[in-house]
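Q: Dropping the sequence and predicted coords here.
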Amino acid sequence: MNTGETTVLVVEPDLDTQRVYRQRLIHDPDIKLIGICSSIASATALLAQTNCDILFTELNLPDGDGLDFIRRASEDLAVQSIVAVTSKNSAADIATAIENGAVGYITKQDSDLHDVGNYIRILRAHGSPMSPTAARVLVDALRRKPTVKPVVSVAASRPAVANPLSPRETEVLNLLARGMSFAEISSVLNISCHTVTAHIKKIYRKLQVHSRGEAVYEAAQLGILPAM
């Protein structure tokens, strides 16, 4: 995340909660509040037009599943950091939100939204804001999960490396590897050039590279792409 002004979007249908967000964010000189939306449709339209560093979203939304919206915002709309701020606190909701791209989870029952500025500072420091209830739900779920001893093949030449890229980022990288321009990738994936650029910046950051060639080479070494 950049060290300058941080762009923030809030998706929250409750008017009183919207008011708290606005009071806490609008006067912070390091934050640009690009909008407070009540629905997925309005948030999606706004994200298609502007860059967003941080998205705070409720999961109970009037026009769709907030968990699906998190996935779309992360993969297709190039939002860098997403935090669920919600009254839902089941292990399934928390796990799905994280799997879909959320980097934080705040339950409204034990959280004071006046601390939203602190959540942003945590994100800017590459941390993950997590309320105590959400953290305990995850810990309890992991404790209940049966441990399966892995079978290791003696013939394995090297340990498997998890793909650090999202499915959309992997798509973009595959097209980059084929020599396509940003405009061509935009056309093939039906996304804006701005979104393509945002995906590529995230790819470079995750692979710790600075060019197309380095990204393709590193991805091939990790097994994300076929060896060149």
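A: It's in.
Q: Break down the protein into its helices, ranges please.
A: Ranges of helices in the chain, per DSSP state H, are 15-25, 40-47, 66-75, 91-99, 116-124, 132-144, 167-177, 182-189, 193-207, 212-222.
Q: Export the ones you listed as JSON lines, with columns for distance to V83.
A: Glycine gets a C-beta too; all of them are placed from N, C-alpha and C. Formatted as JSON lines, those follow (distance: least, Cβ to Cβ, whole Å):
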{"stretch": "helix 15-25", "distance to V83": "12"}
{"stretch": "helix 40-47", "distance to V83": "14"}
{"stretch": "helix 66-75", "distance to V83": "9"}
{"stretch": "helix 91-99", "distance to V83": "9"}
{"stretch": "helix 116-124", "distance to V83": "6"}
{"stretch": "helix 132-144", "distance to V83": "11"}
{"stretch": "helix 167-177", "distance to V83": "20"}
{"stretch": "helix 182-189", "distance to V83": "26"}
{"stretch": "helix 193-207", "distance to V83": "17"}
{"stretch": "helix 212-222", "distance to V83": "28"}
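Q: which residues does the nearest residue to I98 once chain neighbours are set aside bridge with?
A: Among residues not flanking I98 along the chain, Y105 sits closest, at 7.0 Å (Cβ to Cβ, 6 or more residues apart in numbering). On the basis of DSSP bridges, Y105 is bridged to A84, M130.
Q: Could you check the least confident helix or strand in the chain by mean pLDDT and say which residues are buried?
A: Of all helical and strand segments in the chain, the minimum by mean pLDDT, DSSP states H and E falls on helix 132-144, at a mean of 79. For helix 132-144, burial by neighbour count (16 or more other Cβ atoms under 10 Å) applies to T133, A134, V137, L138.
Q: Stretch 176-190 now?
A: For stretch 176-190, by 16+ other Cβ under 10 Å, it's L176, A177, M180, F182, I185, S186, L189.
Q: who touches it?
A: For stretch 176-190, the surrounding residues in contact (Cβ atoms under 8 Å, 6 or more residues apart in numbering) are 168, 171-172, 175, 192-193, 195-197, 200, 203, 212, 215-216, 219, 225, 228.
Q: do that again at 10 Å, thanks
A: For stretch 176-190, contacts defined as Cβ atoms under 10 Å, 6 or more residues apart in numbering pick out 76, 168, 171-175, 191-197, 199-200, 203, 212-213, 215-217, 219-220, 224-226, 228.
Q: For T7, see how far away the nearest residue to T195 once chain neighbours are set aside is.
A: Once flanking residues are discounted, T195 sits nearest to A78: 4.9 Å by Cβ to Cβ, 6+ apart. Here the criterion is Cβ to Cβ, to the nearest Å. By it, A78 lies 12 Å from T7.
Q: more neighbours, those two?
A: Between A78 and T7, counting by other Cβ atoms under 10 Å, A78 is the more crowded of the two (25 against 19).
Q: Would you report the backbone torsion angles of that one?
A: phi 60, psi 40 (degrees, to the nearest 10).
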